[in-house]
Structures are given as structure tokens and as C-alpha cells.
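Sequence and predicted structure are below.
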Amino acid sequence: MDAARAMAARRVPLERPPTAAKEVEIEREQTAMRLRLGTNIKRLRIESGLSLRAFAMKANVSPSYLSETERGLRGVTVDLLVRMAIGLNVSLETLFEE
């Protein structure tokens, strides 16, 4: 019985799931971040003199996927962000600047 008590004492109580209001707030922040990221990617792409198609080829994504990313309609992976930063010759942090 002591072993069972010891195991029970080590259990970490589960956190409650986010409330509906918190979920709305999280979704709002995610949307804002996607828009900021997309705007920065588009600005940097244009400043680099790259067309949508040329940059899509450099980043190894379809032009439509890149377009949706630039408009904030798509979330992207860290791997793709790294490829984009390298393709634009900027740091990863630059993609997130305000």
C-alpha cells in the first residue's frame, strides 16, 4: 500500500482545458501572428526582387501555398520558415519583426 501512495503522490494534477473565451483569444493571436509573418515574408520577397513563383521554387513550395502564407491564411512549419529565411537571406527572427 505504501507503494501505491507513493505513486499517487507523484502524480501531477492535470490542468483544465482552456475556456471558450481563452480559445478565442488564442485564435485571435494566432491569426495576428500569421498575418504579420505573411506580410513580412511578402515585403522581404519583393525587396529581394523575387517573384512569387521564383521564391516558391527557392523555398520548395507551390506558388499557391506561398500566396496563402503571405496572406496569413496558412500556418507554416519551422522547417519551411528556415527555408524561407535562407531563401531571403535574412535571419529567422527577421520574419517575425513587427
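Yep, it's here.

wait, isn't Met84 in contact with Ala59?
Yes - using Cβ atoms under 8 Å, Met84 is in contact with Ala59, at 5.1 Å. Just so you know, the C-beta spots here come from the backbone N, C-alpha and C atoms, and that holds for glycine as well.

Against Val82, how distant is the nearest residue to Val90 once chain neighbours are set aside?
Using Cβ to Cβ, 6 or more residues apart in numbering and skipping the chain neighbours, the partner closest in space to Val90 is Leu44 (6.0 Å). Using Cβ to Cβ, to the nearest Å, one gets 14 Å for the distance from Leu44 to Val82.

Of those two, give the one with the bigger neighbour count.
Applying other Cβ atoms under 10 Å to Leu44 and Val82 shows that Leu44 carries more neighbours, namely 20 against 13.

Pretty sure the more buried one sits against Leu95.
Yes - Leu44 is within contact range of Leu95, at 7.5 Å (criterion: Cβ under 8 Å).

Need the single longest helix in the protein, by residues.
Longest helix in the chain by number of residues (criterion: DSSP state H): helix 20-47.

which regions of the protein lie under the pLDDT threshold?
1-13 (pLDDT under 70).

Name all residues that make contact with Glu68.
Contact analysis of Glu68 by Cβ atoms under 8 Å, 6 or more residues apart in numbering lists Arg74.

mind checking which helix or strand it is in?
Using DSSP states H and E, Glu68 maps to helix 63-70.

With Glu15 instead?
Using DSSP H and E, Glu15 is not contained in any helix or strand.

give me the number of residues near it?
A count of nearby residues for Glu15, using other Cβ under 10 Å, gives 6.
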